[in-house]
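Engineer: everything below, folded, please.
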Amino acid sequence: MSHNNPTSVAASPSFSAQDRVLRRISLQAIPPRFLHPLENDGIRLLILENISQEAVSAFRALGFHVDHYTTAMTEDQLVEKIPTYHAIGIRSKTKITQRVINAAPKLLVIGCFCIGTNQVDLDAAAAAGIPVFNSPFSNSRSVAELVMAELIALSRQLFERSYELRNGFWNKKSKGCWEVRGKTLGIVGYGHIGSQLSVLAESFGIRVLFYDIINIMPLGTARQVPTLSALLAESDFVTLHVPELPETTNLISAQQLSEMKQGSYLINNARGKVVDIPALINALKSGHLAGAAIDVFPNEPGSNGPGFNDDLNPWATELRNLPNVILTPHVGGSTEEAQRMIGDEVAQALSSYLGCGSTIGAVNFPEVDLRTITADKQIRICHVHKNQPGVLRQINEALSPYNVEKQYSDSKGDIAYVMADIANVSRADVGKLQELISSTDANILTRFLA
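Structural biologist: Coordinates of the predicted model:
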């Protein structure tokens, strides 16, 4: 590595998204075969929200037809567009609702190129035989680094001083500006982001507390506290890293804000509905909080440009006019590194499902996988069905005239999934088998790959 290049960094060997699709099976002595559906002329993917171009290229390299759009789509637009597609890739702005799923008779799989999956009706997708994949960890470092930047910017009022100077006003001051060394950071949610943030914060000399609903082994000298109230009362900075669930909606509201220390700061890079924004505005205007950084909002524009206004959120103008409040447009995971890793991970998951039937990593589906087919004249059956007694008996009866090379099944809630590889099956037999299996009363979706 050249030390003359200021952008050079030590890095692990990188792999393209296409490489990663087949990496887990590349060490076999006999080269694996990427399978193709017998019942479809060609796989069509709809990719939205400016997802990594490397992921798009990987899909195309595998022979998939890809339509790539840089913006999100509304529900009405999706209902009109989606009927001809077998897969869709989205980020956080596009909503896959029950109505969208009902309008997608060919849809096989959904990829969320982000951490969260709350923008997808997971139960409706599972009921239709559609697994949903995401990338829960790839942008953890990017979010943790953003929190550290916001923590320092808030404590030094950097955004205020920068805005003033851009307007020609020189305002050198130290009042109300603090070092972060020796302060206490309270982390709500000690998962992949929270734990990485914990290590970064301690390297700055910051004392770390965390609250989580389960007991977790802390990293470094971080300490878990038993209640959210205990964390709020001790922390100079509070940062949120929890999913959007019914129990986390308005997790931080007027009561919790009143429990925070006078002059403390709130940072939210989690989900928009976790914080009661009107209550936060009141806490900031009263001077109880010294500042806040918000990267996520209850309602967010569907595309870049004007739109973050009172029509979208009725308090937007009031929030934008508050001093020492950092507002960013949901950029926590928006780094080149994070987006590349997310693209690689989700592209691999979608391609593995479409070409091999693997559901490892699906958030709403049984996780099933088989060794990749290497021999000719083998066919893989991927059968999604209702989780009820007697189904495997029916399947095995249908397969009894053939040699079953491999078979595996699992269930999750009301959905079950079985994969089976069978040998020496003629194309005429495939039609008969498909009719037998698809006509069972528990059938949801059956695919044959070869």
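Engineer: from here on, contacts and neighbour counts on C-alpha atoms
Structural biologist: Noted.
Engineer: how about K386, phi and psi?
Structural biologist: phi -70, psi 140 (degrees, to the nearest 10).
Engineer: let me fix that, I meant to ask about A124.
Structural biologist: phi -60, psi -40.
Engineer: for the one 4 residues further on, same thing?
Structural biologist: In this entry, A128 is assigned phi and psi values of phi -90, psi 0 (degrees, to the nearest 10).
Engineer: could you check how far the nearest residue to K172 once chain neighbours are set aside is from F204?
Structural biologist: Counting by CA to CA, 6 or more residues apart in numbering, K172 lies nearest to R161, which is 7.9 Å off, once chain neighbours are set aside. With distances taken as CA to CA, to the nearest Å, R161 is found 23 Å from F204.
Engineer: equivalent analysis for I373, please.
Structural biologist: Where F204 is concerned, I373 sits at a distance of 52 Å (CA to CA).
Engineer: for stretch 214-222, measure first residue to last.
Structural biologist: Using CA to CA, one end of stretch 214-222 lies 15 Å from the other.
Engineer: who has more neighbours, I373 and F204?
Structural biologist: When neighbours are counted by other CA atoms under 10 Å, I373 and F204 differ, and I373 comes out ahead with 21 against 14.
Engineer: and the more buried one, how far from Q77?
Structural biologist: For I373, the distance to Q77 (CA to CA) stands at 39 Å.
Engineer: quick one, strands of the stretch 251-400 of the chain?
Structural biologist: 264-268, 289-294, 325-327, 378-386 (DSSP state E, counting those that start in this stretch).
Engineer: would you single out the least confident of the ones you listed?
Structural biologist: Lowest mean pLDDT within the strands of the stretch 251-400 of the chain: strand 378-386, at a mean of 94.
Engineer: list of residues touching that strand?
Structural biologist: Strand 378-386 is contacted by residues 129, 357, 391, 414-425, 442-450 when judged by CA atoms under 8 Å, 6 or more residues apart in numbering.
Engineer: in PDB, list the C-alpha atoms belonging to that strand.
Structural biologist: Only the C-alpha atoms of strand 378-386 are listed here, as PDB (Å, rounded to 0.1, in the frame of the first residue of the first chain):
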ATOM      1  CA  GLN A 378     -31.400 -33.600 -11.800                       C
ATOM      2  CA  ILE A 379     -34.300 -31.300 -11.000                       C
ATOM      3  CA  ARG A 380     -34.800 -29.200  -7.800                       C
ATOM      4  CA  ILE A 381     -38.300 -28.800  -6.500                       C
ATOM      5  CA  CYS A 382     -39.000 -25.800  -4.300                       C
ATOM      6  CA  HIS A 383     -42.400 -26.200  -2.600                       C
ATOM      7  CA  VAL A 384     -43.900 -23.500  -0.400                       C
ATOM      8  CA  HIS A 385     -47.000 -24.800   1.500                       C
ATOM      9  CA  LYS A 386     -49.300 -24.200   4.400                       C
END
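Engineer: tell me the first helix or strand C-terminal of the lowest-mean-pLDDT helix or strand in the chain.
Structural biologist: Within the chain, confidence by mean pLDDT, DSSP states H and E is lowest for helix 17-23 among all helices and strands, at a mean of 47. Where DSSP states H and E defines the elements, the next helix or strand beyond helix 17-23 is strand 44-47.
Engineer: sheet partners, orientation included, of that next one?
Structural biologist: Sheet pairing of strand 44-47 (DSSP bridges) gives strand 65-68 (parallel), strand 87-90 (parallel).
Engineer: what is the rounded mean pLDDT of that strand?
Structural biologist: 96.
Engineer: can you tell me the closest non-neighbouring residue to the residue sitting nearest the centre point of the chain?
Structural biologist: The centroid of the chain falls nearest to I115 when counting by CA atoms, centre = their mean (2.0 Å). Nearest residue to I115, sequence neighbours excluded (CA to CA, 6+ apart): P136, at 4.3 Å.
Engineer: same thing with P323?
Structural biologist: For P323, the spatially nearest residue (CA to CA, 6+ apart) is E160, at 6.9 Å.
Engineer: surely the one you found is within a strand?
Structural biologist: No - counting by DSSP: H, G, I helix; E, B strand; the rest coil, E160 is located in no strand; its state is helix.
Engineer: still on that earlier bit, from E179, how far out is the residue nearest to K172?
Structural biologist: Going from R161 to E179 by CA to CA gives 16 Å.
Engineer: those two - which one has more neighbours?
Structural biologist: The residue with more neighbours, out of R161 and E179, is R161; 17 against 12, by other CA under 10 Å.
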